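> need a structure here:
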Amino acid sequence: MGQIKWIDFQRLGDERGDLVALEIGMEKAVPFEIKRVYYIYRTAEGVSRGYHAHKKLKQVAICISGMCRMILDDGRRRDDVWLNNPTKGLLIESMTWREMHDFSDDCVLLVLASEHYDETDYIRDYQEFIKSRPQVAFVPYDEKFLEKSWEWLNDPELMELTLTKPFTREQQSEFYNSLAFRDDYKIWGIRLGGEKIGAVGLKKIAHGESAEYFGYIGDKSYWGKGISSSMFGFIVSFAKEQKLKRIYLEVSKSNNRAVSSYRKNGFSECEDRGDTIMMELHL
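Presented below is the predicted three-dimensional model:
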(Lines give C-alpha, C1' and ligand atoms only; values in the text may rest on other atoms or scores of the structure.)
Protein backbone atom coordinates (compact mmCIF):
# COMPACT_ATOMS: atom_id res chain seq x y z
CA MET A 1 0.00 0.00 0.00
CA GLY A 2 1.59 3.20 -1.22
CA GLN A 3 0.60 5.53 1.63
CA ILE A 4 1.34 3.11 4.45
CA LYS A 5 4.82 4.01 5.66
CA TRP A 6 5.97 2.40 8.88
CA ILE A 7 8.82 3.45 11.13
CA ASP A 8 10.20 0.51 13.09
CA PHE A 9 11.40 1.49 16.56
CA GLN A 10 13.99 -0.50 18.45
CA ARG A 11 12.56 -2.52 21.32
CA LEU A 12 14.71 -2.82 24.41
CA GLY A 13 13.82 -5.14 27.24
CA ASP A 14 14.51 -8.10 29.46
CA GLU A 15 12.60 -10.32 31.84
CA ARG A 16 11.27 -7.19 33.58
CA GLY A 17 9.49 -5.87 30.48
CA ASP A 18 9.99 -3.82 27.31
CA LEU A 19 11.03 -0.27 26.52
CA VAL A 20 10.95 1.82 23.32
CA ALA A 21 12.92 5.07 23.18
CA LEU A 22 12.14 7.83 20.66
CA GLU A 23 15.16 10.02 20.00
CA ILE A 24 15.69 12.79 17.50
CA GLY A 25 18.41 11.89 15.00
CA MET A 26 18.41 8.16 15.74
CA GLU A 27 18.41 5.63 12.89
CA LYS A 28 14.87 4.92 11.65
CA ALA A 29 13.76 7.91 13.70
CA VAL A 30 10.80 10.21 13.31
CA PRO A 31 11.68 12.20 10.15
CA PHE A 32 10.90 15.65 11.59
CA GLU A 33 11.47 17.74 14.67
CA ILE A 34 8.79 16.83 17.21
CA LYS A 35 7.02 19.97 18.40
CA ARG A 36 3.89 18.46 19.94
CA VAL A 37 2.94 15.15 21.54
CA TYR A 38 -0.55 14.01 22.49
CA TYR A 39 -2.38 10.75 23.09
CA ILE A 40 -5.94 9.52 22.65
CA TYR A 41 -7.39 7.04 25.15
CA ARG A 42 -10.70 5.88 26.66
CA THR A 43 -12.44 6.35 23.32
CA ALA A 44 -16.09 5.41 23.72
CA GLU A 45 -17.43 2.34 21.90
CA GLY A 46 -18.53 3.08 18.34
CA VAL A 47 -16.79 6.46 18.21
CA SER A 48 -14.61 7.36 15.22
CA ARG A 49 -12.13 10.22 15.18
CA GLY A 50 -10.04 12.26 12.80
CA TYR A 51 -11.96 13.22 9.66
CA HIS A 52 -9.51 15.93 8.69
CA ALA A 53 -6.27 16.65 6.85
CA HIS A 54 -3.41 19.03 7.56
CA LYS A 55 -1.97 21.46 5.04
CA LYS A 56 1.59 21.35 6.42
CA LEU A 57 1.71 19.29 9.59
CA LYS A 58 3.13 15.74 9.54
CA GLN A 59 2.53 13.12 12.19
CA VAL A 60 3.60 9.70 13.41
CA ALA A 61 0.91 7.61 15.11
CA ILE A 62 1.89 4.82 17.51
CA CYS A 63 -0.63 2.55 19.20
CA ILE A 64 1.13 1.93 22.50
CA SER A 65 -1.75 -0.15 23.88
CA GLY A 66 -4.64 -2.00 22.29
CA MET A 67 -5.53 -1.32 18.67
CA CYS A 68 -7.42 0.88 16.25
CA ARG A 69 -7.97 1.08 12.50
CA MET A 70 -6.64 4.00 10.47
CA ILE A 71 -7.77 5.14 7.02
CA LEU A 72 -5.41 7.33 5.00
CA ASP A 73 -6.67 9.07 1.85
CA ASP A 74 -4.59 11.34 -0.40
CA GLY A 75 -7.51 12.09 -2.72
CA ARG A 76 -6.51 9.39 -5.21
CA ARG A 77 -6.58 6.26 -3.10
CA ARG A 78 -7.70 5.14 0.34
CA ASP A 79 -5.58 2.77 2.40
CA ASP A 80 -6.80 0.93 5.47
CA VAL A 81 -4.45 -0.38 8.17
CA TRP A 82 -4.53 -1.59 11.76
CA LEU A 83 -2.32 -0.01 14.41
CA ASN A 84 -1.63 -2.65 17.06
CA ASN A 85 2.14 -2.71 17.64
CA PRO A 86 3.90 -0.26 20.01
CA THR A 87 7.21 -0.73 18.14
CA LYS A 88 5.81 0.56 14.82
CA GLY A 89 4.92 4.14 13.97
CA LEU A 90 2.64 5.10 11.07
CA LEU A 91 3.94 8.14 9.18
CA ILE A 92 1.12 10.47 8.09
CA GLU A 93 2.22 13.05 5.54
CA SER A 94 0.70 16.50 5.07
CA MET A 95 -2.36 16.76 2.79
CA THR A 96 -3.54 13.30 3.83
CA TRP A 97 -7.10 12.79 5.00
CA ARG A 98 -7.19 10.53 8.05
CA GLU A 99 -9.93 8.67 9.91
CA MET A 100 -9.61 6.48 13.01
CA HIS A 101 -12.12 3.69 13.69
CA ASP A 102 -12.69 0.56 15.81
CA PHE A 103 -10.83 1.60 18.95
CA SER A 104 -10.37 -1.24 21.41
CA ASP A 105 -11.30 -0.55 25.05
CA ASP A 106 -7.62 -0.42 26.03
CA CYS A 107 -6.42 1.61 23.04
CA VAL A 108 -3.90 4.36 23.73
CA LEU A 109 -2.88 6.13 20.52
CA LEU A 110 0.23 8.31 20.82
CA VAL A 111 0.72 11.00 18.16
CA LEU A 112 3.95 12.90 17.44
CA ALA A 113 3.47 16.11 15.46
CA SER A 114 5.84 18.29 13.45
CA GLU A 115 4.10 21.57 14.40
CA HIS A 116 2.31 23.18 17.29
CA TYR A 117 -1.50 23.21 17.24
CA ASP A 118 -2.83 25.58 14.59
CA GLU A 119 -6.50 25.46 13.66
CA THR A 120 -5.81 27.20 10.33
CA ASP A 121 -3.71 24.19 9.27
CA TYR A 122 -6.75 21.88 9.41
CA ILE A 123 -9.00 20.94 6.51
CA ARG A 124 -12.13 19.47 8.07
CA ASP A 125 -14.37 19.19 5.01
CA TYR A 126 -13.59 16.28 2.65
CA GLN A 127 -14.76 18.06 -0.49
CA GLU A 128 -12.62 21.07 0.39
CA PHE A 129 -9.70 18.67 0.86
CA ILE A 130 -10.27 17.15 -2.59
CA LYS A 131 -10.34 20.62 -4.17
CA SER A 132 -7.20 21.68 -2.27
CA ARG A 133 -4.96 18.77 -3.21
CA PRO A 134 -2.37 19.31 -5.97
CA GLN A 135 -3.55 18.39 -9.45
CA VAL A 136 -1.68 16.20 -11.92
CA ALA A 137 -0.82 18.13 -15.09
CA PHE A 138 0.70 16.94 -18.37
CA VAL A 139 2.88 19.68 -19.79
CA PRO A 140 5.42 20.18 -22.59
CA TYR A 141 8.59 18.18 -22.06
CA ASP A 142 11.26 20.89 -21.87
CA GLU A 143 14.94 21.09 -20.96
CA LYS A 144 14.12 21.20 -17.24
CA PHE A 145 12.33 17.86 -17.54
CA LEU A 146 15.24 16.60 -19.64
CA GLU A 147 17.64 17.39 -16.81
CA LYS A 148 15.38 15.69 -14.27
CA SER A 149 15.16 12.66 -16.59
CA TRP A 150 18.93 12.33 -16.53
CA GLU A 151 18.72 12.05 -12.76
CA TRP A 152 15.69 9.76 -12.73
CA LEU A 153 16.76 7.34 -15.46
CA ASN A 154 20.25 6.91 -14.02
CA ASP A 155 18.80 5.62 -10.77
CA PRO A 156 19.58 1.85 -10.80
CA GLU A 157 16.16 0.86 -9.49
CA LEU A 158 14.29 2.98 -12.02
CA MET A 159 16.55 1.83 -14.86
CA GLU A 160 15.70 -1.78 -14.07
CA LEU A 161 11.97 -1.18 -13.70
CA THR A 162 11.70 0.84 -16.93
CA LEU A 163 14.06 -1.41 -18.94
CA THR A 164 16.26 1.62 -19.64
CA LYS A 165 19.65 0.95 -21.18
CA PRO A 166 22.65 3.11 -20.23
CA PHE A 167 22.89 6.32 -22.23
CA THR A 168 25.19 9.33 -22.43
CA ARG A 169 24.53 13.03 -22.15
CA GLU A 170 25.23 13.34 -25.86
CA GLN A 171 22.70 10.65 -26.72
CA GLN A 172 20.12 12.30 -24.48
CA SER A 173 20.74 15.67 -26.15
CA GLU A 174 20.38 14.13 -29.62
CA PHE A 175 17.11 12.52 -28.57
CA TYR A 176 15.73 15.80 -27.23
CA ASN A 177 16.73 17.79 -30.32
CA SER A 178 15.05 15.22 -32.57
CA LEU A 179 11.63 15.58 -30.93
CA ALA A 180 10.64 18.65 -32.92
CA PHE A 181 11.03 16.73 -36.19
CA ARG A 182 9.37 13.44 -35.25
CA ASP A 183 5.75 12.38 -35.62
CA ASP A 184 6.37 8.85 -34.33
CA TYR A 185 7.24 9.95 -30.78
CA LYS A 186 5.28 12.10 -28.31
CA ILE A 187 6.35 12.87 -24.74
CA TRP A 188 4.95 15.02 -21.95
CA GLY A 189 6.30 15.99 -18.56
CA ILE A 190 4.22 15.15 -15.48
CA ARG A 191 3.80 17.85 -12.86
CA LEU A 192 2.01 17.61 -9.54
CA GLY A 193 1.38 21.03 -8.10
CA GLY A 194 4.67 22.79 -8.76
CA GLU A 195 6.79 19.63 -8.71
CA LYS A 196 8.20 17.84 -11.75
CA ILE A 197 7.68 14.16 -11.02
CA GLY A 198 7.95 12.13 -14.24
CA ALA A 199 7.26 11.69 -17.94
CA VAL A 200 4.79 9.84 -20.15
CA GLY A 201 4.27 9.34 -23.86
CA LEU A 202 3.94 7.18 -26.94
CA LYS A 203 6.64 5.93 -29.28
CA LYS A 204 6.76 3.87 -32.46
CA ILE A 205 3.52 5.60 -33.47
CA ALA A 206 1.99 3.99 -36.55
CA HIS A 207 -0.73 6.47 -37.39
CA GLY A 208 -4.17 4.95 -37.55
CA GLU A 209 -2.85 1.70 -36.09
CA SER A 210 -0.82 1.43 -32.88
CA ALA A 211 1.81 2.91 -30.57
CA GLU A 212 3.97 1.81 -27.65
CA TYR A 213 3.17 3.33 -24.27
CA PHE A 214 5.88 4.44 -21.84
CA GLY A 215 5.73 6.33 -18.61
CA TYR A 216 7.39 6.62 -15.23
CA ILE A 217 7.21 8.53 -11.98
CA GLY A 218 10.82 9.55 -11.43
CA ASP A 219 10.25 11.06 -8.01
CA LYS A 220 9.89 7.98 -5.80
CA SER A 221 8.05 9.88 -3.08
CA TYR A 222 5.04 9.85 -5.42
CA TRP A 223 5.08 6.10 -6.06
CA GLY A 224 1.88 4.33 -5.05
CA LYS A 225 -0.20 7.52 -5.12
CA GLY A 226 -2.55 6.41 -7.89
CA ILE A 227 -1.04 8.78 -10.45
CA SER A 228 -0.69 6.01 -13.04
CA SER A 229 -4.45 6.07 -13.66
CA SER A 230 -4.23 9.74 -14.61
CA MET A 231 -1.31 8.94 -16.92
CA PHE A 232 -3.25 6.18 -18.68
CA GLY A 233 -6.34 8.34 -18.99
CA PHE A 234 -4.38 11.16 -20.59
CA ILE A 235 -2.59 8.89 -23.07
CA VAL A 236 -5.72 6.94 -24.00
CA SER A 237 -7.55 10.20 -24.75
CA PHE A 238 -4.68 11.36 -26.94
CA ALA A 239 -4.48 7.99 -28.71
CA LYS A 240 -8.19 8.07 -29.50
CA GLU A 241 -7.84 11.59 -30.90
CA GLN A 242 -5.10 10.21 -33.16
CA LYS A 243 -7.45 7.36 -34.16
CA LEU A 244 -5.07 4.69 -32.90
CA LYS A 245 -6.55 1.21 -32.55
CA ARG A 246 -4.13 -0.27 -30.02
CA ILE A 247 -1.61 0.70 -27.37
CA TYR A 248 0.99 -1.83 -26.27
CA LEU A 249 3.90 -1.90 -23.84
CA GLU A 250 6.72 -4.07 -22.54
CA VAL A 251 7.17 -4.50 -18.80
CA SER A 252 9.58 -6.46 -16.63
CA LYS A 253 8.01 -9.47 -14.90
CA SER A 254 9.69 -8.34 -11.69
CA ASN A 255 7.87 -4.98 -11.81
CA ASN A 256 4.82 -6.26 -9.96
CA ARG A 257 3.53 -2.76 -9.16
CA ALA A 258 3.45 -1.80 -12.84
CA VAL A 259 1.97 -5.09 -14.06
CA SER A 260 -0.84 -4.80 -11.51
CA SER A 261 -1.48 -1.19 -12.48
CA TYR A 262 -1.59 -1.99 -16.21
CA ARG A 263 -4.08 -4.80 -15.61
CA LYS A 264 -6.23 -2.54 -13.45
CA ASN A 265 -6.33 -0.02 -16.29
CA GLY A 266 -7.43 -2.49 -18.95
CA PHE A 267 -4.20 -3.88 -20.40
CA SER A 268 -3.96 -7.63 -20.98
CA GLU A 269 -0.96 -9.87 -21.59
CA CYS A 270 -0.36 -10.74 -25.22
CA GLU A 271 3.18 -12.18 -25.30
CA ASP A 272 5.65 -13.69 -22.84
CA ARG A 273 9.25 -12.73 -23.65
CA GLY A 274 10.99 -14.49 -20.79
CA ASP A 275 12.02 -11.72 -18.42
CA THR A 276 9.42 -9.32 -19.81
CA ILE A 277 5.75 -9.33 -20.76
CA MET A 278 4.08 -7.60 -23.69
CA MET A 279 0.70 -6.14 -22.80
CA GLU A 280 -1.89 -4.39 -24.96
CA LEU A 281 -5.01 -2.27 -24.77
CA HIS A 282 -7.49 -2.16 -27.66
CA LEU A 283 -9.16 1.22 -28.05
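
> so residue 216 sits in a strand?
Yes: using DSSP: H, G, I helix; E, B strand; the rest coil, the secondary structure at residue 216 is a strand.

> Give me the number of neighbouring residues for it.
21 (other C-beta atoms under 10 Å). C-beta here means a position set from N, CA and C on the backbone, and glycine is covered the same way.

> these two touch, right, it and residue 198?
Yes: at 5.3 Å, residue 216 and residue 198 qualify as touching, with contact defined as C-beta atoms under 8 Å.

> shared neighbours of those two, anything?
residue 152 (C-beta atoms under 8 Å, 6 or more residues apart in numbering).

> Which strand or helix spans the spatially closest residue to residue 137 that is not a sequence neighbour?
The shortest distance from residue 137 to any non-neighbouring residue, by C-beta to C-beta, 6 or more residues apart in numbering, is to residue 191 (4.7 Å). Per DSSP states H and E: residue 191 is located in strand 185-192.

> Can you list the strands that that strand pairs with?
Using DSSP bridges, strand 185-192 pairs in its sheet with strand 136-140 (antiparallel), strand 195-206 (antiparallel).

> Measure how far it is from the centre of its chain, please.
Offset of strand 185-192 from its chain centre (C-alpha atoms, centre = their mean, to the nearest Å): 18 Å.

> Please work out which residues outside it touch it.
Residues contacting strand 185-192 (C-beta under 8 Å, 6+ apart): 134-142, 144-145, 178-179, 196-205, 215, 217, 222, 227, 231, 234, 238.

> If any of these are buried, give me the ChimeraX selection for them.
To isolate the buried subset of the contacts of strand 185-192 in ChimeraX, counting by 16 or more other C-beta atoms under 10 Å, use the following:
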select :136,138,141,145,196,197,198,199,200,201,202,205,215,217,222,227,231,234,238
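
> thinking again about what came up before, so how many other residues sit close to the residue nearest to residue 137?
Using other C-beta under 10 Å, residue 191 is surrounded by 17 other residues.

> Distance of it relative to residue 90?
Noted for residue 191: a distance of 29 Å to residue 90, by C-beta to C-beta, to the nearest Å.

> remind me which residues of the stretch 1-150 of the chain are low pLDDT?
The stretch 1-150 of the chain contains residues with pLDDT under 70 at 1-3, 23-28.

> Walking through it, point out its strands one by one.
For the stretch 1-150 of the chain, the strands defined by DSSP state E, counting those that start in this stretch cover 5-8, 11-14, 17-20, 36-41, 49-54, 59-65, 68-73, 78-83, 88-92, 97-101, 108-113, 122-123, 136-140.

> remind me which residues of the stretch 151-283 of the chain are low pLDDT?
In the prediction, the stretch 151-283 of the chain carries no residues with pLDDT under 70.

> let's see 90
For the stretch 151-283 of the chain, residues meeting the criterion pLDDT under 90 lie at 161, 192-194, 220-230, 254-258, 260-262, 264-266.

> can you give me the helices in the stretch 151-283 of the chain?
Per DSSP state H, counting those that start in this stretch, the stretch 151-283 of the chain carries helices over the ranges 156-161, 169-178, 227-241, 256-264.

> In terms of secondary structure, what does the first one contact?
In this case it means helix 156-161. Of the remaining helices and strands, none touches helix 156-161 by 3 or more C-beta pairs under 8 Å, 6 or more residues apart in numbering; DSSP states H and E.

> got the contact list for that helix?
Applying C-beta under 8 Å, 6+ apart, the external contacts of helix 156-161 come out as 152-153, 164, 166, 216, 218, 220, 252, 254-255, 258.

> which one of the helices of the stretch 151-283 of the chain is the most hemmed in?
The highest average neighbour count among the helices of the stretch 151-283 of the chain, using mean count of other C-beta atoms under 10 Å, belongs to helix 227-241 at a mean of 17.

> Now do it and strand 136-140, the angle between them.
Interaxial angle, helix 227-241 versus strand 136-140 (axes from the mean of the first three to the mean of the last three C-alpha atoms, to 10 degrees): 50 degrees.
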